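Need the 3D shape of this:
(4 chains)
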Protein chains: 2
Amino acid sequence: MKGLGELERSIMDILWAENAPLTAREVGRMIEDRDLAPTTVMTVLDRLSRKGFLTRTRDGRAWRYQPAASRDAYVAELMLEALDMTGDRDAALTRFAQAVSGSEAEILRKALTELEEE
Amino acid sequence: MKGLGELERSIMDILWAENAPLTAREVGRMIEDRDLAPTTVMTVLDRLSRKGFLTRTRDGRAWRYQPAASRDAYVAELMLEALDMTGDRDAALTRFAQAVSGSEAEILRKALTELEEE
DNA sequence: GGGGTAGTACTACGTCCCGTAGAGAGGTAA
DNA sequence: TTACCTCTCTACGGGACGTAGTACTACCCC
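This is a model prediction of the structure:
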């Protein structure tokens, strides 16, 4: 999986936060703080769909974009990818477990317990 | 934290695998499959230490390089960094827990249990 | 002590990714 | 018709990275 640039991530964040598929114009209106040219937004949306992060469907002449996967799925995949980098997955996982904060350790524990029960 | 390129990662892998600090020449001899110029190896080692991945100490006229952190620590940090990207850490963690394989879930569980006991 | 060798620092070039955007074409509405 | 919206295509500049040459210094062997 390829990574995301800063603007790409901002745009993904907008689309992840929204439930409905958005047009380039709509996305552009939601980043107004950056004062980007409309074509800039379009270009980035296009690149993101080319990279597989977005799917798009026609709406009249415009495209509507929406994330191909949830942010959680993306984050989990990034984490797995990092994990794949190591020769010793167990050591890395152990270290990771030690590094998460207490409340998060709790979340993990719960998720793992539920897994076990299935 | 910045990411690593492909050659950079190969070189980090060599240094992570080795216990002793290595010189550029020694590293170069261990990547012979790629037939790199000696200066290439030096340049990359230099960049890696500039980025904080390596520390180096003098050995005569040569530098000896060694990782600033273990690979496990690096991987764990990458995972945490991915986790930081999400607004909903719990959801991402849950998904991650579901995504790891059974044996790895076991490792995580154990690590978390040990944490709890401390 | 002079030449090869090893090592360093500095500089450089090509490529790819990404942020950014303009140009041009083709609909659409007033 | 005119103004506008949206698309696609093309492009440029910066930064990271793979790759390496050059120039300089220090050391070893004959």
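
Outline the domain layout of chain A.
Annotated domains of chain A cover A:6-67, A:71-117 [automatic domain parsing].

most packed of those?
Here the criterion is mean neighbour count by mean count of other C-beta atoms under 10 Å in any protein chain shown, and of the domains of chain A the winner is domain A:71-117, at a mean of 18. Any C-beta I mention is one placed from the backbone N, CA and C, and that applies to glycine too.

what about that one, near chain B?
Yes. Counting by C-beta under 8 Å from any C-beta of the partner chain, chain B has neighbours in domain A:71-117: A:71-73, A:75-80, A:82-83, A:85-100, A:104-105, A:107-112, A:115-116.

quick one: average pLDDT of that domain?
On average, the pLDDT along domain A:71-117 is 90.

interface residues of chain A facing DNA strand D?
A:Thr23, A:Ala24, A:Arg25, A:Pro38, A:Thr39, A:Met42, A:Thr43, A:Asp46, A:Arg61, A:Ala62, A:Trp63 (C-beta under 7 Å from any atom of the strand).

swap the cut-off to 10 Å and go again
A:5, A:23-29, A:37-47, A:49, A:56, A:58-65 (C-beta under 10 Å from any atom of the strand).

Let's see which of those residues end up in helices.
Applying DSSP state H to the residues of chain A next to DNA strand D, the entries found in helices are A:24-29, A:38-47, A:49.

residues contacting the residue most central in space within chain A?
Centroid-nearest residue in chain A, with C-alpha atoms, centre = their mean: A:Arg71, separated by 3.7 Å. Each residue near A:Arg71 by C-beta atoms under 8 Å, 6 or more residues apart in numbering or on different chains is listed here: A:Met12, A:Asp13, A:Trp16, B:Met85, B:Thr86, B:Gly87, B:Asp88, B:Ala92.

Just the ones of those residues in helices?
A:Met12, A:Asp13, A:Trp16, B:Ala92.

nearest to A:Asp33, of the residues you listed?
A:Asp13 (13.0 Å; C-beta to C-beta).

got the contact list for that closest one?
A:Arg71.

so A:Leu54 makes contact with A:Leu48?
Yes. Contact criterion C-beta atoms under 8 Å: A:Leu54 and A:Leu48 qualify, at 4.6 Å.

Pull up the overlap in contacts between the two.
By C-beta under 8 Å, 6+ apart, the residues touching both A:Leu54 and A:Leu48 are A:Met12, A:Tyr65.

Which elements pack onto the top helix by length along chain A?
Longest helix of chain A, by residue count under DSSP H: helix A:102-117. Where contact means 3 or more C-beta pairs under 8 Å, 6 or more residues apart in numbering or on different chains; DSSP states H and E, helix A:102-117 is packed against helix B:89-99, helix B:102-117.

Throw those helices into TSV and include distance to B:Asp33, thanks.
Shown next, in TSV, are these (distance: least, C-beta to C-beta, whole Å):
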stretch	distance to B:Asp33
helix B:89-99	33
helix B:102-117	31
